[in-house]
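# Structural data only, the sequence is not supplied:
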């Protein structure tokens with residue numbers, strides 16, 4: 001009793017309409033709405049017919065008691081401040097309504113209500129026997145054991161790399177083809193070419209109709225898509241496993257030849273231009289995000305926007321498209337990944353039959369050799385736009401390759417500083433100081449190098465100078481004190497949760513394996529990187545951020561409403 005009197009609970013929810021099964025579904029919904037969730041216990045121990053579950057959500061701890069009768073109680077002790085306001089408001093309203101129905105009024109929903117309701121309902125919940133809450137920083141969580149992906153690897157005589165993972169847990173198979181060509185490989189003054197070619201790859205050839213991939217995927221309950229990144233272009237499908245053979249044939253067909261004619265070229269170019277209009281021109285801050293990257297690199301082709309530009313797309317010619325396909329879409333520049341329900345001997349036979357027949361060109365594949373020089377001075381750019389409702393500011397620093405030893409620590413810094421509403425920057429700049437409406441810190445790491453990017457969309461009445469000063473104060477505090485144990489645990493949980501959820505599907509497993517093999521250059525990293533990330537310490541995170549931000553030159557882009565543009569100086573009247 002003293003324990004429960006001492007630690008008043010912030011949440012109490014009573015619902016007299018839901019039974020045990022619905023209560024469990026409700027619990028899953030609540031945990032899904034609250035980020036940073038890590039389940040540490042899951043049990044249905046018998047306590048007089050009642051089941052119990054416990055969840056730990058970073059620094060937020062809930063003890064949950066659910067009964068098999070049509071009565072549900074949810075109680076939680078929240079040590080984190082500030083609470084999730086919208087969720088608490090909803091819960092508080094439900095609490096008041098439930099308590100009023102059973103005749104309890106005029107009191108705050110504390111643990112005293114829990115005791116009263118337990119007595120009223122004649123229930124002896126396992127929560128009452130719970131150990132005293134530990135409000136001290138949580139100890140380091142044990143490392144999460146990630147089941148390895150047992151992949152097979154083969155290189156065909158024509159240079160095609162083939163990775164496969166046999167998994168019969170579902171009657172589906174994922175197929176991905178990774179081409180080692182991205183927006184950094186766009187020809188000079190032809191930004192957006194890799195992206196344009198992503199679209200052209202769906203136009204078929206003399207053996208492949210333009211709707212072939214839809215017929216082989218979506219029409220049978222599967223899916224297909226593609227994406228272009230700075231370093232790679234990836235085509236991916238998920239189909240019932242009995243459709244693996246025709247999908248492999250179709251992927252080999254579009255690798256070997258395409259219907260590159262004027263009609264297809266113009267139609268897909270128009271599609272890409274419309275995508276540019278929607279994503280960049282129609283977005284109030286589209287040009288802001290685009291200009292951030294364009295102005296942050298001096299010489300490296302990462303400065304070219306992957307989505308391209310309307311002017312350079314209009315200037316492109318069909319002959320250039322054909323040359324691009326011949327240069328980069330070849331077996332020795334591709335990696336095939338197959339994961340799912342297949343027989344290894346059949347997969348090997350089909351891959352050799354369809355892909356093995358594609359000839360390896362004699363010409364060498366051109367690679368980007370440009371090296372981004374260290375910045376020698378700070379650079380500040382101010383732009384004005386009539387479509388920007390509020391000022392925005394971006395600050396960028398040069399960062400290492402995604403293959404760097406510092407990459408895991410920088411990815412965790414990304415989570416700590418801007419991963420969710422409870423992150424360092426959101427709490428300081430959005431919630432407390434109300435300087436910004438949006439605040440983010442991104443570790444945008446690519447194969448050659450990357451950027452550490454801060455983006456702030458300001459609150460009404462605030463200036464870029466206000467925002468920059470506030471960010472620098474938070475940065476200095478982080479570099480001095482580092483992350484708290486709770487912040488580091490939360491960042492790891494969020495990062496790991498995303499990766500583990502990805503591996504719940506065949507397509508996710510294929511993506512993880514393809515990323516390790518192509519971008520990181522080592523397929524074994526699919527089984528080692530998560531353990532390495534879990535071993536990162538708070539000091540390593542702080543030191544990595546300091547290594548790339550302390551006393552380093554920065555690029556600052558201010559993006560302001562047209563109304564903030566200084567008036568042009570009045571011209572002096574000519575003397576007569």
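That came through, no problem. Owing to the predicted nature of the structure, the values given are computational and were not obtained by experimental measurement.
# How is this protein divided into domains?
Recorded structural domains for the chain (assignment: automatic domain parsing) are 2-129, 152-354, 379-564.
# Compare those domains and say which comes out lowest on pLDDT.
The stretch with the lowest mean pLDDT among the domains of the chain is domain 2-129, at a mean of 37.
# what about the closest residue to residue 244 other than its chain neighbours, how many residues close to it?
Leaving aside its sequence neighbours, residue 244 sits nearest to residue 173 (C-beta to C-beta, 6 or more residues apart in numbering; 4.9 Å). (C-beta placed from N, C-alpha, C; glycine too.) Look at residue 173: counted by other C-beta atoms under 10 Å, it has 28 neighbours.
# Doesn't residue 173 lie inside a helix?
No: going by DSSP: H, G, I helix; E, B strand; the rest coil, the assignment for residue 173 is strand, not a helix.
# ok, now which ones touch it?
By C-beta atoms under 8 Å, 6 or more residues apart in numbering, residue 173 lies in contact with 238-241, 243-244, 247, 338-342, 506.
# next one: residue 230
Shown in contact with residue 230 (C-beta under 8 Å, 6+ apart): 182, 183, 184, 302, 306, 446, 447.
# Let's have those residues in CSV, adding secondary structure, distance to residue 278 and neighbour count.
Shown next, in CSV, are those (DSSP: H, G, I helix; E, B strand; the rest coil; distance: C-beta to C-beta, whole Å; neighbours: other C-beta atoms under 10 Å):
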residue, secondary structure, distance to residue 278, neighbour count
182, coil, 21, 25
183, helix, 18, 24
184, helix, 24, 22
302, helix, 23, 26
306, coil, 15, 22
446, coil, 25, 21
447, coil, 28, 21
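# which of the residues you listed sit farthest apart?
By the measure C-beta to C-beta, 306 and 447 form the most distant pair in these, at 13.8 Å.
# Tell me which of the domains of the chain sits nearest to residue 370.
Of all those, it is domain 152-354 that lies closest to residue 370, at 5.2 Å by C-beta to C-beta.
# tell me the contacts of residue 399?
Residue 399 sits next to 410, 443, 444, 445, 449, 450, 451, 452, 548 when contact means C-beta under 8 Å, 6+ apart.
# Swap in 6 Å and give it another go.
450, 451, 452, 548 (C-beta atoms under 6 Å, 6 or more residues apart in numbering).
# Need the contacts of residue 230 in TSV (columns: distance to residue 480).
Below are those laid out as TSV (distance: C-beta to C-beta, whole Å):
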residue	distance to residue 480
182	38
183	38
184	37
302	32
306	37
446	30
447	33
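# and which of the residues you listed is nearest to residue 274?
residue 306 (16.0 Å).
# wait, isn't the closest one in contact with residue 182?
No: in this structure, residue 306 is not within contact of residue 182 by C-beta atoms under 6 Å, at 7.3 Å.
# Tell me the spacing between the spatially most central residue of the chain and residue 511.
The residue lying closest to the centre of the chain (C-alpha atoms, centre = their mean) is residue 498, at 7.8 Å. Distance, residue 498 to residue 511, by C-beta to C-beta, to the nearest Å: 12 Å.
# Next: residue 489.
26 Å.
# Over to residue 490?
24 Å.
# When those two are compared, which one has more neighbours?
Higher neighbour count among residue 490 and residue 511: residue 490, with 28 against 21, using other C-beta under 10 Å.
# what kind of secondary structure is the more buried one in?
Here residue 490 is recorded as helix under three-state DSSP.
# Could you do the one 5 residues further on as well?
Recorded secondary structure, residue 495: helix (three-state DSSP).
# Look up the closest residue to it, ignoring the ones flanking it.
residue 415 (5.8 Å).
# Looks like the one you found contacts residue 494 (just checking).
Yes: taking contacts as C-beta under 6 Å, residue 415 lies within contact range of residue 494: 5.3 Å.
# More neighbours: which of these two?
residue 415 (25 against 22).
# can you list contacts of the one helix or strand that one maps to?
Assigned by DSSP states H and E, residue 415 belongs to helix 407-418. The contact list for helix 407-418 (C-beta under 6 Å, 6+ apart) reads 423-425, 440-443, 445, 483, 487, 491, 494-495, 532-533, 536, 540-541, 544-545.
# Those residues in helices, which ones?
Among these, the subset assigned to helices under DSSP state H consists of 424, 425, 487, 491, 494, 495, 532, 533, 540, 541, 544, 545.
# for those residues, which one is nearest residue 321?
When these are ranked by distance to residue 321 (C-beta to C-beta), residue 495 comes first, at 38.8 Å.
# how many neighbours does the closest one have?
With neighbours defined by other C-beta under 10 Å, the count for residue 495 comes to 19.
# Just the buried residues out of the ones in helices among the contacts of helix 407-418, in PyMOL syntax.
Here is the PyMOL command that selects the buried residues among the ones in helices among the contacts of helix 407-418 (16 or more other C-beta atoms under 10 Å):
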select buried, resi 424+425+487+491+494+495+533+540+541+544+545
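# Of the ones in helices among the contacts of helix 407-418, which is the nearest to residue 311?
Taking C-beta to C-beta as the measure, residue 425 is the one of the ones in helices among the contacts of helix 407-418 closest to residue 311, at 35.7 Å.
# Now do the contacts for the closest one.
Neighbouring residues of residue 425 by C-beta under 6 Å, 6+ apart: 417, 418, 439, 441.
# okay if I get these as TSV plus distance to residue 273 and neighbour count?
Putting the contacts of residue 425 into TSV (distance: C-beta to C-beta, whole Å; neighbours: other C-beta atoms under 10 Å) gives the following:
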residue	distance to residue 273	neighbour count
417	36	28
418	32	20
439	32	26
441	32	26
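# Farthest pair within those?
By the measure C-beta to C-beta, 417 and 439 form the most distant pair in these, at 8.6 Å.
# show me where the stretch 251-400 of the chain has strands.
With DSSP state E, counting those that start in this stretch as the criterion, the stretch 251-400 of the chain has strands at 334-340, 379-385, 392-399.
# Compare the ones you listed and report which one is nearest to residue 233.
strand 334-340 (9.8 Å).
# elements contacting the closest one?
Under the contact definition 3 or more C-beta pairs under 6 Å, 6 or more residues apart in numbering; DSSP states H and E, strand 334-340 sits against strand 161-166, strand 172-179, helix 506-514.
# partners of that strand in the sheet?
strand 161-166 (parallel), strand 172-179 (antiparallel) (DSSP bridges).
# contact partners of the shortest one?
By C-beta under 6 Å, 6+ apart, the list of residues contacting strand 161-166 from outside reads 149, 151-155, 335-339, 347, 351, 509, 513, 517.
# cool, and stretch 275-288?
By C-beta under 6 Å, 6+ apart, stretch 275-288 touches 290, 307, 310, 387, 388, 392, 559.
# do you know how far the fifth one is from residue 470?
In this structure, residue 388 lies at 20 Å from residue 470, with C-beta to C-beta as the measure.
# cool, the last one as well?
If you measure residue 559 against residue 470 using C-beta to C-beta, the figure is 17 Å.
# which of those two has more neighbours?
Set residue 559 next to residue 470 and count neighbours by other C-beta under 10 Å: residue 559 wins out with 26 against 20.
# Strand 379-385 and the helix or strand that one falls within, what's the angle between them?
Residue 559 is part of strand 555-561 when elements are defined by DSSP H and E. Going by axes from the mean of the first three to the mean of the last three C-alpha atoms, to 10 degrees, strand 555-561 is angled at 20 degrees with respect to strand 379-385.
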